[in-house]
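Trainee: this one's structure only:
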């Protein structure tokens, strides 16, 4: 089939989210100017470059109370956020933290997760996550939106601190398969990375 997104797809559900997979889950912790911690997963996220390391995530839609979603708002106003690796072991907590709740709600508490102090930024890390990246916001970009009530915002930040659990390292390398990170597919589908193969690049 072929379709132009502006004209619709005619399928049961929008297939575009299932066309670019798997997508890393940007599990983002922030803190508001009022001191309220926020934690939310985003399936539009990735490391963009490595020198210096730059991480991005994109908030799509609108907040329950209107206006910008907490993660983008906090990252823009305070200039800081933390990426936390979502794994199979803590998948239910990650999913719980996606709940649409008021700005005064703390998703760490909602999901039963432990806050760990960051070294260089104010937002806490997810203690249960084996990897966390402390980031300082470099830029936020308003992206096109099809409806006036929707705000699509890309948040780009420089990674200034990296936390890797000792048990996540094997022979000096991150043991990805052992961590079993989860990724977003289309619709409500997810995947888990528990098998890795090596494919050397051609010379």
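Mentor: Done, it's in. This is a predicted model, so every value here is computed, not measured. Numbering: from 1, shown residues only.
Trainee: Tell me who's in contact with the most centrally placed residue in the chain.
Mentor: Nearest to the mean C-alpha position of the chain, by CA atoms, centre = their mean, lies residue 26 at 1.3 Å. By CB atoms under 8 Å, 6 or more residues apart in numbering, the contact list for residue 26 reads 41, 42, 43, 44, 45, 46, 55, 57, 83. C-beta: built from backbone N, CA, C; applies to glycine.
Trainee: rerun that using 7 Å as the cut-off
Mentor: Neighbour list for residue 26: 41, 42, 45, 57, 83 [criterion: CB atoms under 7 Å, 6 or more residues apart in numbering].
Trainee: Mind listing the residues bridging to it?
Mentor: residue 42 (DSSP bridges).
Trainee: average model confidence for the longest helix along the chain?
Mentor: Longest helix in the chain, counting residues (DSSP state H): helix 70-78. Averaged over helix 70-78, pLDDT sits at 96.
Trainee: cool, stretch 44-64 as well?
Mentor: Across stretch 44-64, the average pLDDT comes to 91.
Trainee: Please work out which residues outside it touch it.
Mentor: 23-26, 28, 42, 69-72, 83, 100-102, 133, 135, 138, 149-159.
Trainee: Kindly report the same for stretch 180-196.
Mentor: Stretch 180-196 is contacted by residues 13, 15, 17-18, 21-25, 43, 85-89, 91, 176-177 when judged by CB under 7 Å, 6+ apart.
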